[in-house]
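Asks: Provide a 3D model corresponding to the input given below.
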Amino acid sequence: MAESVTRVIHRCNDAKESENLDLSNCQLIQVPDAVYHLMRHTKLKSCDFSDNVITKILPEFPIKFNSITNLNLSHNQITKLPRECAELNNLEILDISYNSFMSLPHCLFKMPKLRSLKANDNYIMDIEVNDLTETPALECIDLERNPLARHIHDQLSRITKLVIVLSPQQTEDWEDLTI
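Replies: From the prediction side, this is the model:
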């Protein structure tokens, strides 16, 4: 435990110079209040919280780190993002892959500069396709290895204004009339 705390403190100190906070693989269950305190005078460009056991992002996160352009939350246990994340006005790249999302967080559709979204390897079955296509700056979204409903998969595969990475649609045994 003490080793993890020391690692977090050292990485926060490194981020004061680099403006890139890397707290990946630190056994975090959430972003500690101490991180907000240590980083209060630093304008961060990126945050990496990948490979932890984070289950939720608190509403103060986007308020405290509102200048970031790159956020990596991959390989955690997150199921949703707070609506306040829509206030990440500079965020361009977001990685929420390998989490436990069942739908895309609605706040993503409101991020004005979000260009690239990795949401592969979740449990996403349904997507507000119209909201997705209306996301102001979105260029690319990775939705591979999600159990998308067939009609959603079909709608997404017809979109041409975005690069959408999808896994091939699998035919369920009950749909296969050749059996």
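Asks: who's in contact with the nearest residue to residue 136 once chain neighbours are set aside?
Replies: Distance criterion CB to CB, 6 or more residues apart in numbering; nearest residue to residue 136, sequence neighbours excluded, is residue 112 at 5.2 Å. For glycine as for every other residue, the C-beta is placed from the backbone atoms N, C-alpha and C. The neighbours of residue 112, taking CB atoms under 8 Å, 6 or more residues apart in numbering as the test, are 89, 136-137.
Asks: tabulate those (CSV), appending secondary structure.
Replies: Converted to CSV, the contacts of residue 112 look like this (DSSP: H, G, I helix; E, B strand; the rest coil):
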residue, secondary structure
89, coil
136, coil
137, coil
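Asks: the protein: strands as residue ranges?
Replies: 20-22, 46-48, 70-72, 93-95, 116-118, 140-142, 163-165 (DSSP state E).
Asks: those: which one's closest to residue 40?
Replies: When the strands of the chain are compared by CB to CB, strand 20-22 sits nearest residue 40, at 12.4 Å.
Asks: tell me which other helices or strands that closest one touches.
Replies: Secondary-structure packing of strand 20-22 (3 or more CB pairs under 8 Å, 6 or more residues apart in numbering; DSSP states H and E): helix 2-18, strand 46-48.
Asks: let's see 10 Å
Replies: Applying 3 or more CB pairs under 10 Å, 6 or more residues apart in numbering; DSSP states H and E, one finds that strand 20-22 contacts helix 2-18, strand 46-48, strand 70-72.
Asks: please state the offset of that strand from the chain centre?
Replies: Centroid separation between strand 20-22 and its chain, computed with CA atoms, centre = their mean, to the nearest Å, is 16 Å.
Asks: quick one: strands adjacent to it?
Replies: Paired strands of strand 20-22, with direction, are strand 46-48 (parallel) (DSSP bridges).
Asks: what is the mean pLDDT for the partner strand?
Replies: Across strand 46-48, the average pLDDT comes to 98.
Asks: buried residues in it, which are they?
Replies: 46-48 (16 or more other CB atoms under 10 Å).
Asks: can you check stretch 96-115 too?
Replies: 96-99, 101, 104-105, 107-111, 114-115.
Asks: ok, the residue most central in space within the chain - contacts?
Replies: Closest to where the C-alpha atoms of the chain average out (CA atoms, centre = their mean) is residue 96, at 2.7 Å. By CB atoms under 10 Å, 6 or more residues apart in numbering, residue 96 lies in contact with 57, 71-74, 76, 78, 81, 104-105, 108, 117-122, 124.
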